[in-house]
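>>> model this:
(one chain, ligands or ions: 2)
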Amino acid sequence: MPMPTANANANLNIPADRLPALLCAMPKAELHIHIEGSLEPELIFALAARNGVALPYASVEALRAAYAFTDLQSFLDIYYAGASVLLKEEDFFDMAMAYFRRAAADNVVHAELFFDPQTHTDRGVPFAHVINGLTRACETAQRELGVSGLLILCFLRHLSEEAAFATLEQALPFREQFVGVGLDSSERGHPPEKFARVFARCRELGLRLVAHAGEEGPPAYIWSALDVLHVERIDHGVRSVEDPALMARLAASRMPLTVCPLSNVKLCVCDTMAAHQLPALLAAGLCATVNSDDPAYFGGYMNQNFTETFAALPQLGAREAYQLAANSFEASFVAPEQKQRWARALDAAFAAA
Ligand code: ADE
Ligand code: ZN
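Ligands and ions are numbered 1, 2, ... in the order given. Model (predicted):
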């Protein structure tokens, strides 16, 4: 059975009043961030003006006021509209750099960024503008902020498998610029099986594989993501708590779940933060992580996710904080030596707290 990388001797003797500061100060990796979901309303308006794009909102405030979501689809409709201001390589660079600055401020040392090329190429934006802008931002973030970044190309599951194959073809000349592929957008009615062949091809190409599953969709979609798509991480996966056999499987294999608490509350995946599934996932020994998903839309970046989640859930303490950060390194797509360096930095942050 794979073992967790967490250090059994880490200092977990942290007074409760020091925990919020430690949640913010501890080094961590973010593994579930849609870079288009980091577009703040101010940047949407600035890019719209720069590119001459008309927006159906009169002001930043009017746009922000529209962020009252009832489910995933009600969010996606606004999210895709917001992405319409992205046209040039520089726009993708500026968007990602704004995210990396926020990540660095939250002591995120590594981020794996999802991007949705079809949202852009279907509007006539060349694939090269998207990936070259994002790649340049990753290089700049490493150099100027000390934050490392990897890119994960997501297929939009409401579109066809044929469209996903066409996107993969467009992406292959840039194969060295992304580490893997994922599956996002409207989950209900679009099971993983729809993308079995394109994921099989990506696997042959040596790409890392992840998929959103069990956000709104049933536990059956998580089983399919594992057994049909052969993913290495499940994005969200919170509905696994409904299926004890699935929970046992996920725990035994230490299959990572990239959980996004503020997102789940904003999209009504769970009723309140106090009812969130994260404590149950950790208590069952799953390799759960905390992430921001679409921080510009859901009320916060990494540290906001950590502090609001821990404030609402008294079952979560220093042990869980340590475990979540350790899990984020364990579940990342970097070399084992780098994971060990970050794990040592995590121990140092707890020792100093
Ligand atoms: N695309 C951006 N955010 C998403 C989410 N939370 N679920 C599915 N697709 C997404
Ligand atoms: Zn997501």
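>>> I'd assumed residue 30 was in a strand, is it?
Yes. Per DSSP: H, G, I helix; E, B strand; the rest coil, residue 30 lies within a strand segment.
>>> tally of neighbours for residue 230?
14 (other Cβ atoms under 10 Å). Backbone N, C-alpha and C define where each C-beta goes, glycine included.
>>> can you name the residues that contact it?
199, 203, 209 (Cβ atoms under 8 Å, 6 or more residues apart in numbering).
>>> in CSV: the residues you listed, plus neighbour count, pLDDT and secondary structure.
CSV is the format used below for the contacts of residue 230 (neighbours: other Cβ atoms under 10 Å; pLDDT from 0 to 100; DSSP: H, G, I helix; E, B strand; the rest coil):
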residue, neighbour count, pLDDT, secondary structure
199, 26, 99, helix
203, 15, 98, helix
209, 19, 99, strand
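>>> packing partners for the host helix or strand of residue 347?
Here residue 347 sits within helix 336-351, counting by DSSP states H and E. Contacts defined by 3 or more Cβ pairs under 8 Å, 6 or more residues apart in numbering; DSSP states H and E place helix 336-351 against helix 19-25, strand 108-115, helix 318-330.
>>> now do the buried residues in that helix.
Across helix 336-351, burial judged by 16 or more other Cβ atoms under 10 Å covers 339, 342, 343, 346, 347, 349, 350.
>>> over to stretch 258-273?
Buried, per 16+ other Cβ under 10 Å, within stretch 258-273: 258-267, 269-270, 273.
>>> repeat for stretch 294-302
Buried residues in stretch 294-302 (16+ other Cβ under 10 Å): 294, 295, 296, 297, 298, 300, 301, 302.
>>> swap in stretch 77-97?
Within stretch 77-97, the residues scored as buried using 16+ other Cβ under 10 Å are 78-80, 82-87, 89, 91-97.
>>> now swap in stretch 278-289 and tell me
Result for stretch 278-289 [16+ other Cβ under 10 Å]: buried residues 278, 281, 282, 286, 287, 288, 289.
>>> residue of this structure nearest ligand 1, please.
Across the chain, no residue is closer to ligand 1 than residue 184, which sits at 3.6 Å (Cβ to the nearest ligand atom).
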